[in-house]
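**Student:** Structure of the sequence below:
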Amino acid sequence: MMKNIPNFITCLNLFSGCISCVLALTFGNYVGALIFILLASVFDFLDGFFARLLKSYSPIGAQLDSLADLVSFGVAPGFIVYSFLLNSSAGIPYCEKIYFLAFLIPIFAAVRLAKFNIDTRQKSSFLGLPVPANGLFWGSLIQVINLSESNQVFFTVFIAILIIIFCLLMVSELPMYSLKFTHFKWKGNEYPYITIVVALILISYFLLFGICLIVTFYIFLSLIKYLLGINKKK
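**Tutor:** As a prediction, the model looks like this:
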């Protein structure tokens, strides 16, 4: 029974993702949808924590984790963006079906997770934007946008462009650092510590919208780290 605790927590991750989908698509409740994506991310952390604590690793656990992540951080944000574009693109010429672009998010999330599962290079860091970060970005961004007739076209085009960018980021070869700690010394953990401090500041000032800014900061800091690494090699 103890060995199944991580899998049970993973199922809670999946359940949270399902509720997020319902809130976004049926009720247009983007704040609630984001809260359940946040809850899914907590369960995503806890299943790995308890798996390590109980030494309960299994192939089925790994596959279940990826499937849960696909729903919570791929399908759920896809539904959030779909619901948003369905409203924002209404009445805009040549944009009547642009809302289907939102489903690129779960498609590329699936590709990203499949690559991650077979890529031995991603044990201590990542190549491409992690799927949970992508899901949190979309959940945070959409819930703060206030549509009006004056900004309807702008936000429709803006979101469509961001979909392409973030989908490409998920399957890119851009190295991105992990926030997992093997020790708590400053040396070797500079980037995670900087991220945590900046995250606390952004959340305190911007609340839920701060999550979107944190993910953006994480991407740019990963890019800076990568470029500094190239310069050191030269």
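
**Student:** To which secondary structure element type does F184 belong?
**Tutor:** Following DSSP: H, G, I helix; E, B strand; the rest coil, we place F184 in the coil state.

**Student:** can you list the residues that contact stretch 6-15?
**Tutor:** Contacts to stretch 6-15, defined as CB atoms under 8 Å, 6 or more residues apart in numbering, come from residues 40, 43-44, 46-48, 50-51, 54, 56, 58, 60-61, 64-65, 67-69, 71-72. In short, each C-beta sits where N, CA and C put it, glycine included.

**Student:** Looking at stretch 154-172 now, give me its mean pLDDT.
**Tutor:** Summarised as a single mean, pLDDT over stretch 154-172 is 94.

**Student:** Flag every buried residue along that stretch.
**Tutor:** Buried residues in stretch 154-172, counted by 16 or more other CB atoms under 10 Å: 155-156, 159-160, 163, 166-167, 169-170.

**Student:** Show me these that map onto strands.
**Tutor:** In strands, judged by DSSP state E, none of the buried residues of stretch 154-172 are found.

**Student:** Tell me the one among the residues you listed nearest to I211.
**Tutor:** F166 (14.2 Å; CB to CB).

**Student:** Lowest mean pLDDT among the helices and strands of the protein, which one is it?
**Tutor:** Least confident helix or strand of the chain, by mean pLDDT, DSSP states H and E, is strand 125-127 with a mean of 83.

**Student:** give me phi/psi at P175?
**Tutor:** Dihedral angles phi and psi of P175 (degrees, to the nearest 10) take the values phi -70, psi 130.

**Student:** next one: Y177
**Tutor:** Dihedral angles for Y177 - degrees, to the nearest 10 - are phi -80, psi 150.

**Student:** Check the spacing between the residue nearest to it when sequence neighbours are not counted and L223 real quick.
**Tutor:** Among residues not flanking Y177 along the chain, Y191 sits closest, at 4.8 Å (CB to CB, 6 or more residues apart in numbering). Look at Y191 and L223: by CB to CB, to the nearest Å, they are 12 Å apart.

**Student:** what are the ranges of the helices in the chain?
**Tutor:** Per DSSP state H, the chain carries helices over the ranges 5-26, 30-54, 59-70, 76-88, 104-118, 131-142, 152-170, 190-206, 209-233.

**Student:** now the ones you listed as a markdown table including distance to Y94?
**Tutor:** Output for the helices of the chain, formatted as a markdown table (distance: least, CB to CB, whole Å):
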| stretch | distance to Y94 |
| --- | --- |
| helix 5-26 | 24 |
| helix 30-54 | 26 |
| helix 59-70 | 31 |
| helix 76-88 | 14 |
| helix 104-118 | 18 |
| helix 131-142 | 22 |
| helix 152-170 | 11 |
| helix 190-206 | 34 |
| helix 209-233 | 28 |
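
**Student:** among the ones you listed, which is nearest S125?
**Tutor:** helix 209-233 (9.1 Å).

**Student:** Using the neighbour-count criterion, name the buried positions in the closest one.
**Tutor:** By 16+ other CB under 10 Å, the buried positions in helix 209-233 come out as 209-215, 217-219, 221-222.

**Student:** Give me the helices and strands touching that helix, please.
**Tutor:** helix 131-142, strand 175-177, helix 190-206 (3 or more CB pairs under 8 Å, 6 or more residues apart in numbering; DSSP states H and E).
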